[in-house]
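Need coordinates for the below:
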Amino acid sequence: MQDIYIGDEGKGFPLVLIHGFLGSSKMWGPQIDFFKKNFRVITPDLPGFGKSTHIKSHDSIISLANLILDCLKDKQINKFYLLGHSMGGMIVQEMAKMDGNKISKLICYSTGPMGEMPDRFETMDESRNNLKKIGLVAAARNIAKTWFILGEKAKYFDLCIQAGKETSVEAADNALIAMKKYNGTNNLKLIKNETLIIWGDGDKSYNYKQIQTLKGNISNSSLVIFKECAHNIHLEKIEEFNKTVQNFLNK
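Below is the predicted model of the structure:
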């Protein structure tokens with residue numbers, strides 16, 4: 001098993017947060033501070049990202065899901081709440097299909113079941129080409145701008161840029177490959193966990209059709225839409241996001 005970095009703070013029932021493309025555990029800072037008072041907050045850095053940048057990256061959502069499940073087993077975490085953002089949301093869908101009994105509640109956040117995402121701000125191939133043409137730093141800046149309604153003026157834009165810079169070029173490219181070839185639509189009906197779907201109405205990565213597909217196929221699901229938010233709601237409306245998640249977990 002790969003020895004990836006896994007943040008582990010607080011005490012209580014485990015809450016596992018899986019970051020997205022060009023992300024890292026750093027991007028959960030406001031959530032760690034909030035939730036560690038009542039939960040044991042587990043924040044992996046996926047292979048090739050953040051503090052796991054030295055680890056060989058994966059080009060498969062399925063293999064990433066297996067890796068996270070193995071890591072949690074290794075830490076003897078056998079029951080947990082699970083939240084996945086963006087690409088991380090695809091990973092948690094796959095984890096729920098593989099071993100749903102371990103997941104007490106599931107949160108699919110700014111994500112969808114299809115990798116080749118209709119109406120994304122650019123296709124996966126365009127993102128891969130830009131990565132090669134203009135380099136990781138410039139590509140990360142262009143992508144991160146789409147994550148916030150305020151673009152580069154957003155308070156936490158620089159945090160996202162820093163996370164992007166820590167990603168290896170190979171990991172960024174492999175992540176795009178992993179997302180492009182993933183389609184978990186047929187798996188959604190297999191997810192029986194109580195599920196919260198969170199989406200911002202200004203999201204340029206995953207459109208509302210993807211959200212409708214999640215909602216229409218995960219039987220025990222509810223949907224919360226944040227107005228005037230883009231892809232990174234947890235860094236745009238921090239307090240509202242945290243309370244939404246907390247209320248779902250505590251109800």
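
tell me the contacts of the residue most central in space within the chain?
Taking C-alpha atoms, centre = their mean, the centroid of the chain lies closest to H85, which sits 2.2 Å from it. With contact set as C-beta atoms under 8 Å, 6 or more residues apart in numbering, H85 has these partners: 17-20, 23, 109-111, 234. Where you see a C-beta, it was placed from the backbone N, CA and C, and this is true even at glycine.

what do you get if the cut-off is 6 Å, keeping everything else the same?
Residues near H85 by C-beta atoms under 6 Å, 6 or more residues apart in numbering: 20, 109-110.

Please apply the same query to V224.
Per C-beta under 6 Å, 6+ apart, neighbours of V224: 198, 244.

Sheet-wise, list the partners of the helix or strand hosting it with their directions.
Taking DSSP states H and E as the criterion, V224 maps to strand 221-226. Sheet pairing here is set by DSSP bridges, and for strand 221-226 it gives strand 195-200 (parallel).

for the record, mean pLDDT for the partner strand?
Mean pLDDT, strand 195-200: 98.

which of the residues in that strand are buried?
Within strand 195-200, the residues that count as buried by 16 or more other C-beta atoms under 10 Å are 195-200.

Looking at these, which one is closest to G7?
I198 (21.1 Å; C-beta to C-beta).

Identify the bridge partners of that closest one.
Y109, V224.

any idea how far I191 is from it?
Plainly put, I198 is 16 Å away from I191 if you go by C-beta to C-beta, to the nearest Å.

Identify the residue nearest V16 in space, chain neighbours excluded?
The shortest distance from V16 to any non-neighbouring residue, by C-beta to C-beta, 6 or more residues apart in numbering, is to I42 (4.5 Å).

Relative to P113, how far out is that neighbour?
For I42 relative to P113 (C-beta to C-beta), the value is 24 Å.

Is it possible to get a markdown table of the buried residues of strand 195-200 that adds distance to I55?
What follows is the buried residues of strand 195-200, written out as a markdown table (distance: C-beta to C-beta, whole Å):
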| residue | distance to I55 |
| --- | --- |
| T195 | 29 |
| L196 | 30 |
| I197 | 30 |
| I198 | 28 |
| W199 | 30 |
| G200 | 31 |
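
Among these, find me the one that's closest to A172.
Comparing the buried residues of strand 195-200 against A172 with C-beta to C-beta picks out G200 as the nearest, at 23.0 Å.
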